[in-house]
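here is a sequence with its predicted model. Questions after.
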Amino acid sequence: MPAIDLLNQAVARDPSFLQAYCVLARAHDQFYFFGLDHTPARLALAEAAVEKAFRIRPNAGEAHLARAHHLYNGYLDYDGALAELEIARRRLPNNPRIFAVMGFIQRGQGRWEESIRSLERAIELDPRNLNALGNIADSYGGAQRYAEQKSTLDRMLTIAPNYVEAKAERAFVEVNWKADTGPLHQVIDEIRTTNPAAMPKIAFRWLPCALAERDIAAAKDALLASDEFPLGQQAGNFTRPFVEGVIARMTNDEHNAHLAFTAARAEQEKTVQAEPNYGPAWCVLGVIDAALGRKEDALREGRHAVELLPVQKDPVNGMVMMKYLAMIAAWVGEKDLACEQLATAVRCPISGMDLSYGELKLMPWWDSLRGDPRFEKIVASLAPK
């Protein structure tokens, strides 16, 4: 967490540094929101930074913006967050960050079109902001507006031609849209040849490409280049031992698969104990138990995750919980439940974030459903028209 360390140094040197406290709060909140550290201690650090910002300048728009971000990321308090944003907007009428956060909150409420309009407004105000452009590219992809996603990523590459993450992401659009790994494979090969030091930056796309192509050697190389959470969507994070288990199982090495999944389970149990009311933690545990053949435990854990984080509360992560319950069901032989969950999840207006045509057509974790007419119908419904 080098950014957080630097921000802590900044406020230690200048305890009245309002903007640093606001950015520090946002950094802690994002660790919490994305499940990298979804603990009360992390939330308390964000809270303390927000409170310090208000003590420095109680009427500052930046402080209200930080609190809006905190209420959304920390508590999914959509109404409270929007009320704080309105105060911030009156004080900072042309701040693009306000419209970006508004877009995230509206997306969390299921107000997809309003969300995209807010993100577009943020870009109008700050047209060269790569983070804002990346966020709206994600939203276009989630809404299966793939042509707009590609053009946004092209715009990012016009601003930053050597931005390797955007190059990989642009090629990954073809995976989601058309189940075509060719362009991504080409980009990966090109970066490996011309800029091998950058491979860890694109490992998040290299690994799924290798798994989709059933390329074991490439999957192992991509895993070596990955961070501690090589696989996952939104808040569902899977550790390295889990991926080692997936790769071992693809080679029918059951002994090493079992060892890897057992190691992954030991890690995930600690996460669940630290975060007992957090749906994604239970969901990941359920997928691991499904891999270990612990059928009843896996189904119970997957269902509990959906109960803890229903789609009504958080449409984006709630849909991810349904996806992983479908995966659990597929792995333990409950095909009816798997297809039922998938059929519901793909109807979500932003399902393209995690349940694209390419995801279902290519990824190995759906192999046990292939040939089932219900599953094939779902896949066909997502095919490019």
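Yep, that arrived. Residues are numbered from 1 along each chain as shown.

for Gly74, see how far away the most centrally placed residue in the chain is.
Using CA atoms, centre = their mean, the residue of the chain that lies closest to the mean C-alpha position is Gln234, 2.3 Å off. Here the criterion is CB to CB, to the nearest Å. By it, Gln234 lies 16 Å from Gly74. (C-beta placed from N, C-alpha, C; glycine too.)

before we move on, what about Tyr21?
Taking CB to CB, one finds Tyr21 at 16 Å from Gly74.

tell me which of the two has more neighbours.
More crowded of Tyr21 and Gly74, by other CB atoms under 10 Å: Tyr21, with 27 against 22.

my read: the more buried one touches Lys52, true?
Yes. Judged on CB atoms under 8 Å, Tyr21 makes contact with Lys52 at a distance of 4.8 Å.

joint contacts of these two?
Common contacts of Tyr21 and Lys52, defined by CB atoms under 8 Å, 6 or more residues apart in numbering, comprise Val11.

so, low pLDDT: which residues of the stretch 251-385 of the chain?
For the stretch 251-385 of the chain, not a single residue meets the criterion pLDDT under 70.

quick one, helices of it?
Assigned by DSSP state H, counting those that start in this stretch, the stretch 251-385 of the chain shows helices spanning 254-274, 279-291, 295-308, 315-331, 335-345, 357-362, 373-382.

which helices and strands sit right next to the first one?
Same thing as helix 254-274. If you count contacts as 3 or more CB pairs under 8 Å, 6 or more residues apart in numbering; DSSP states H and E, helix 254-274 packs onto helix 240-250, helix 279-291.

burial count for Ala330?
Burial measure for Ala330: 23 neighbouring residues, criterion other CB under 10 Å.

quick check: closest non-adjacent residue to it.
Nearest non-adjacent residue to Ala330, counting by CB to CB, 6 or more residues apart in numbering: Ala338, 4.1 Å away.

what's the answer for Trp206, then?
Nearest to Trp206 is Ala222, by CB to CB, 6+ apart, at 4.1 Å.

and the one you found, that's in a strand?
No. Read with DSSP: H, G, I helix; E, B strand; the rest coil, Ala222 is helix and lies in no strand.

so it sits against Phe204, correct?
No. Proximity of Ala222 to Phe204 does not meet the contact threshold set by CB under 8 Å, at 9.0 Å.

shared neighbours of those two, which are they?
Common contacts of Ala222 and Phe204 (CB under 8 Å, 6+ apart): Pro230.

can you list the domains in the chain?
For the chain, automatic domain parsing gives the domain ranges 1-93, 266-385.

let's have those domains in JSON lines, adding distance to Arg240.
Formatted as JSON lines, the domains of the chain follow (distance: least, CB to CB, whole Å):
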{"stretch": "domain 1-93", "distance to Arg240": "15"}
{"stretch": "domain 266-385", "distance to Arg240": "9"}
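
how about those, which one is nearest Thr152?
Closest to Thr152 of the domains of the chain, according to CB to CB: domain 266-385, at 14.2 Å.

just the endpoints, please. Distance across the closest one?
Terminal residues of domain 266-385 are spaced 44 Å apart (CA to CA, to the nearest Å).

repeat for stretch 87-97
14 Å.

need the residues that contact it.
Contacts to stretch 87-97, defined as CB under 8 Å, 6+ apart, come from residues 59-62, 64-65, 68, 98, 121-123, 125-126, 129, 132.

what does the average pLDDT come to for it?
Mean per-residue pLDDT for stretch 87-97: 95.

and it, how far out from the chain middle?
Averaging C-alpha positions (CA atoms, centre = their mean, to the nearest Å) puts stretch 87-97 27 Å from its chain's average.
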